[in-house]
Every structure is written in C-alpha cells, then in structure tokens.
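>>> Okay, structure incoming, though there's no sequence with it:
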Ligand code: HSE
C-alpha cells in the first residue's frame with residue numbers, strides 16, 4: 001500500500017473532526033483512496049494547548065515552513081478560516097506543487113479565481129466541498145451529477161446559526177440573544193457572529209454556488225444582502241397568522257436572461273419542505289432544466305459533518321479525479337451586467353406599520369399602493385397599544401421598486417408613526 005503524507009493547517013473544530021474521521025474510518029478511507037494516508041504535520045498557534053486528543057509527538061508545529069518545504073507532504077488541508085494568512089499559505093502550497101483542500105468559504109468566495117488559476121498553472125487540485133453547507137455534498141452534486149443541466153434556480157438555507165436562531169424564536173419563543181449564545185456554545189457560529197447574523201456567511205456560500213451553477217465569476221458585492229437582526233418575535237407571530245415561517249434564504253434565480261442574487265429573511269409557506277428545515281440544519285433546493293427539482297438536506301456545519309466533506313475531498317484528489325473544480329473555468333463573463341437590480345425583484349411583500357388609531361388611515365395607505373401598482377393580498381389590524389394600531393399587509397406579486405416608492409410615500413403620512421418591517425414573501429413552487 002502506497003503511503004501518503006498530508007498536513008493540516010489549523011486544529012480547531014473542523015481540524016479535530018478530520019483527525020477523528022481518520023482515526024475512526026481508517027479502513028474505509030484506505031480502501032477508497034488506495035493510499036495509507038498519514039497526517040504528519042499540523043500547524044497550530046500553541047503546541048502546549050490541551051486539545052483532548054492524542055497527537056503523536058512531532059506532529060504539531062508552529063512553523064508553516066516545516067510544511068511548505070517538506071516534499072513528502074502532498075496535500076495541504078487549510079482549516080484556519082478567514083482570508084489571511086489562509087490565502088497566502090494556500091498559494092505557497094500550490095506553488096510548492098501540493099494539492100490543497102479547504103473548507104474556507106470566505107477565501108474561496110473572495111479569492112477563489114486567483115487560487116484556482118494558480119492551482120491550474122501548477123498542475124495541482126484545489127477542492128473546497130466543505131466550504132458550502134458543511135457535510136452536504138452540494139458542490140460535487142452540481143459539478144459531477146448535474147452537469148447535463150442548465151441550472152435555473154437555487155434556493156437554500158445555508159447558514160446554520162441563523163436557522164438555529166429563527167427556529168428557536170419561532171418554535172420555542174426564545175429570545176434572539178439566547179438562541180445566538182446557544183449556537184455559539186454548540187460550535188457552529190462564526191468567531192464573529194456578525195458574519196452569520198448579517199448574512200455575510202450566506203453571501204459567500206451563494207457566490208460559490210452561483211459560480212459553479214451558472215458559470216460566472218460572482219463578485220460578492222453584487223449579491224443583495226440583508227441579515228436577520230431586524231426580525232422580531234412579532235414578525236414571527238404575524239407570519240404564522242398568514243401561514244408562513246421566516247427563513248434566511250440564499251436565492252439565485254435565472255429570470256429572462258438576468259440573474260437574481262439575494263440573501264435575506266424570507267417568509268415561506270409553512271407546508272413547504274424548506275419551512276421544516278430546523279435548528280442548525282441546511283437545505284438547498286436546485287432546479288435543473290432536465291432533472292427538475294432536487295433537495296439536498298443535512299448538517300451544514302460542525303466538526304464531523306464538515307470533516308466528512310474535507311476528508312472526501314482528500315480521497316477525491318487521491319483517486320486522481322482530474323475534475324478541476326474551478327470558479328474561473330467558467331466563461332469569464334462580466335457577471336455584474338447579468339445581475340438583476342434589486343429594484344426589479346418581483347415577489348410578494350409583508351409590511352408591518354404602526355399607525356394612528358383614527359379613521360381614514362387605511363384609505364390613505366390603500367390609495368398609495370393603488371397608485372404605485374401594488375395590490376394587497378391580505379391585511380390584519382392589531383390594536384395592541386393605546387392609540388397605536390399595528391397594520392400588517394401582505395401584497396400580491398409586486399415590483400420591489402414600486403414597493404419602495406409606496407413605502408417612501410407612506411412613511412411621510414401624518415397618520416403613520418413608523419414602518420416597522422418589510423420582509424419578502426416567496427411562494428416557492
Ligand atoms: N457559521 C456557519 C453556519 C458555519 O452557521 O452555518 C458553517 O459555514
């Protein structure tokens with residue numbers, strides 16, 4: 001049996017998962033890869049830190065050069081997260097003719113084109129299955145099993161932390177902060193939870209999914225982004241009254257030759273399969289023009305699920321699977337020209353207003369909607385506080401520009417105290 005040496009950069013949550021998988025599934029991994037794989041070096045910050053796992057003496061190092069200059073190490077597994085120094089180490093590994101595996105969505109979404117070009121030039125592979133939806137084999141699904149299709153639509157719950165928070169708020173009436181703290185304790189929230197809560201993490205993942213599915217280089221700045229920090233327990237309660245639940249969705253949709261790329265909290269029908277994806281689970285719906293609708297579901301974060309994706313990438317490389325998964329083998333189209341402006345989105349909208357408790361308010365508001373081509377599907381009125389009425393409106397399909405125009409006019413009415421929230425509603429076929 002040929003022996004092969006690999007190195008890990010980082011021994012955090014995912015690094016430990018990779019270590020455990022090699023310990024526990026040694027026989028399967030050896031049989032499937034055709035190699036006796038040994039992790040001979042692991043880059044850490046502090047060798048003496050207690051990690052609760054038994055690593056042989058000499059494996060841990062604080063010196064990246066011990067890895068980069070070691071010709072016996074054939075695969076470098078980057079598990080540091082963030083852009084620097086991860087990108088620099090990956091580039092050096094590639095230039096030293098080492099294959100690279102990473103689970104780092106940020107570096108792939110922001111620097112993937114350069115890294116993949118470098119890999120191609122140096123005749124090595126760069127795989128990143130763990131970067132999107134942890135253990136779910138979504139990138140290999142798109143790259144290998146769906147290549148016969150034109151992909152028409154991707155709708156996904158791709159961030160476990162926000163899905164956990166929304167689930168707990170919705171099913172257990174938990175406060176936002178308590179749910180976030182639990183997500184952090186369980187180890188799937190990012191070090192800086194802003195990345196989860198404000199949806200940067202989901203944007204990175206959507207950029208990667210879009211590049212592979214639609215064959216364009218996506219600049220993350222072209223993806224509309226809205227996090228979940230504005231979602232209140234009131235919105236969750238009213239959503240239920242209309243038959244909806246709120247999920248943070250990442251959406252890439254082909255629309256008459258344009259592409260809608262957006263990540264935002266979305267109301268979806270309670271009976272839809274995505275509405276029942278709870279806790280930290282992820283799910284991705286893909287529509288291909290030949291295969292129809294597919295749904296991928298599973299654990300999108302965590303030590304062993306993400307470790308599973310990382311180890312399978314290592315095995316794919318050793319099987320000499322020469323599919324060069326590559327953001328930049330896509331046609332180098334100027335993606336930004338294809339991306340539909342937010343003002344042109346079409347969907348239903350939920351709006352919550354606080355208005356004065358007086359006659360004629362509804363009439364004033366309705367006439368503004370009518371003037372701007374927005375038709376109302378449902379309306380609920382709540383008299384929850386003395387003198388203040390909460391109006392909750394769900395529109396029929398409308399153009400976002402028309403909604404924004406209406407909201408700007410409604411905001412200026414004397415009878416309106418505040419527009420408390422606006423959330424898009426997707427019927428999802
Ligand atoms: N913070 C991410 C999440 C981890 O909550 O989904 C996986 O990328």
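In hand now; what should we look at? Everything quoted here is computed from the prediction, not taken from an experiment.
>>> so where's the protein uncertain?
321-337, 384 (pLDDT under 70).
>>> and residue 97, how far is that from residue 122?
6 Å (CB to CB, to the nearest Å). To be clear about C-beta, it is placed using only N, CA and C from the backbone, and glycine gets the same treatment.
>>> mind listing what the nearest residue to residue 102 once chain neighbours are set aside touches?
Nearest residue to residue 102, sequence neighbours excluded (CB to CB, 6 or more residues apart in numbering): residue 78, at 4.2 Å. If a contact means CB atoms under 8 Å, 6 or more residues apart in numbering, then residue 78 has 9-10, 86, 89-90, 93, 100-104, 107 as its contacts.
>>> ok, 7 Å please
9, 86, 89-90, 100, 102, 104 (CB atoms under 7 Å, 6 or more residues apart in numbering).
>>> try residue 245
170, 239, 268, 270, 275.
>>> try residue 30
Contacts of residue 30 (CB under 7 Å, 6+ apart): 1, 36.
>>> so which helix or strand takes in residue 410?
helix 400-411 (DSSP states H and E).
>>> that older thread, in PyMOL, select just the buried ones from the contacts of residue 245.
Of those, the buried ones can be selected in PyMOL as follows, counting by 16 or more other CB atoms under 10 Å:
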select buried, resi 170+239+268+275
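>>> Leaving out sequence neighbours, find the closest residue to residue 190.
residue 196 (5.3 Å).
>>> Please apply the same query to residue 34.
Nearest to residue 34 is residue 318, by CB to CB, 6+ apart, at 6.5 Å.
>>> list the contacts for the one you found?
Counted by CB under 7 Å, 6+ apart, residue 318 has contacts 4, 33-35.
>>> can we see that at 10 Å?
Going by CB atoms under 10 Å, 6 or more residues apart in numbering, residue 318 touches 2, 4, 6, 29, 32-35, 37, 74-75, 99.
>>> Filter those down to just the ones in helices.
Cross-referencing these against helices under DSSP state H gives 29, 32-33.
>>> Out of those, which is nearest to the ligand?
residue 29 (23.1 Å; CB to the nearest ligand atom).
>>> and which of the contacts of residue 245 is nearest residue 208?
For the contacts of residue 245, the closest approach to residue 208 (CB to CB) belongs to residue 268, at 22.9 Å.
>>> Contact residues of the stretch 1-150 of the chain facing the ligand?
Neighbours of the ligand within the stretch 1-150 of the chain, by CB under 6 Å from any ligand atom: residue 134.
>>> Which stretches in the stretch 1-150 of the chain count as strands?
2-9, 35-43, 60-61, 73-78, 99-102, 126-127 (DSSP state E, counting those that start in this stretch).
>>> Among those strands, show me which one is buried the most.
strand 126-127 (a mean of 28; mean count of other CB atoms under 10 Å).
>>> any idea which residue of this structure is furthest from its center?
residue 359 (45.5 Å; CA atoms, centre = their mean).
>>> Okay, and that residue sits in which element?
Per DSSP H and E: nothing holds residue 359, as it lies in no helix or strand.
>>> mind listing the strands for the stretch 201-350 of the chain?
So, for the stretch 201-350 of the chain - with DSSP E, counting those that start in this stretch - the strands run 224-225, 244-255, 258-269, 281-288, 292-299, 346-356.
>>> that older thread, what sits against the residue farthest from the centre of the chain?
Taking CB under 10 Å, 6+ apart, one finds residue 415 in contact with residue 359.
>>> at 8 Å what do you get?
Applying CB under 8 Å, 6+ apart, no residues qualify as near residue 359.
>>> Pull up the gap between it and residue 393, please.
The value you get for residue 359 to residue 393, if CB to CB is used, is 18 Å.
>>> before we move on, what about residue 254?
29 Å.
>>> Repeat that for residue 348.
10 Å.
>>> now residue 94
Taking CB to CB, one finds residue 94 at 54 Å from residue 393.
>>> Kindly report the same for residue 130.
42 Å.
>>> Could you check which of these two is surrounded by more residues?
With neighbours defined as other CB atoms under 10 Å, residue 130 and residue 393 compare such that residue 130 has more, 30 against 22.
>>> Can you verify my assumption that the more buried one contacts residue 15?
No: here residue 130 does not reach residue 15: they are 11.4 Å apart, not a contact under CB atoms under 8 Å.
>>> List the beta-bridge partners for residue 282.
Applying DSSP bridges to residue 282 yields these beta-bridge partners: residue 298.
>>> how many neighbours does it have?
Neighbours around residue 282, by other CB under 10 Å: 27.
>>> check contacts around it.
133-134, 136, 156-160, 163, 297-301.
>>> how does it look with 6 Å?
For residue 282, the contact set (CB atoms under 6 Å, 6 or more residues apart in numbering) comprises 133, 157-158, 300.
>>> between the residues you listed, which is closest to the ligand?
Distances from the ligand to the contacts of residue 282, taken by CB to the nearest ligand atom, are shortest for residue 300, at 5.1 Å.
>>> Surely residue 90 is in contact with residue 100?
Yes: between residue 90 and residue 100 a contact is recorded at 5.2 Å, counting by CB atoms under 6 Å.
>>> For the residue positioned nearest the centre of the chain, give its distance to the ligand.
Most central in the chain under CA atoms, centre = their mean is residue 202, positioned 2.9 Å from the mean C-alpha point. According to CB to the nearest ligand atom, to the nearest Å, residue 202 and the ligand sit 8 Å apart.
>>> these two touch, right, residue 417 and residue 354?
Yes: counting by CB under 6 Å, residue 354 is a contact partner of residue 417 at 4.2 Å.
>>> By proximity to the ligand, which residue of the stretch 301-429 of the chain wins?
For the stretch 301-429 of the chain, CB to the nearest ligand atom, closest residue to the ligand: residue 301, 3.5 Å.
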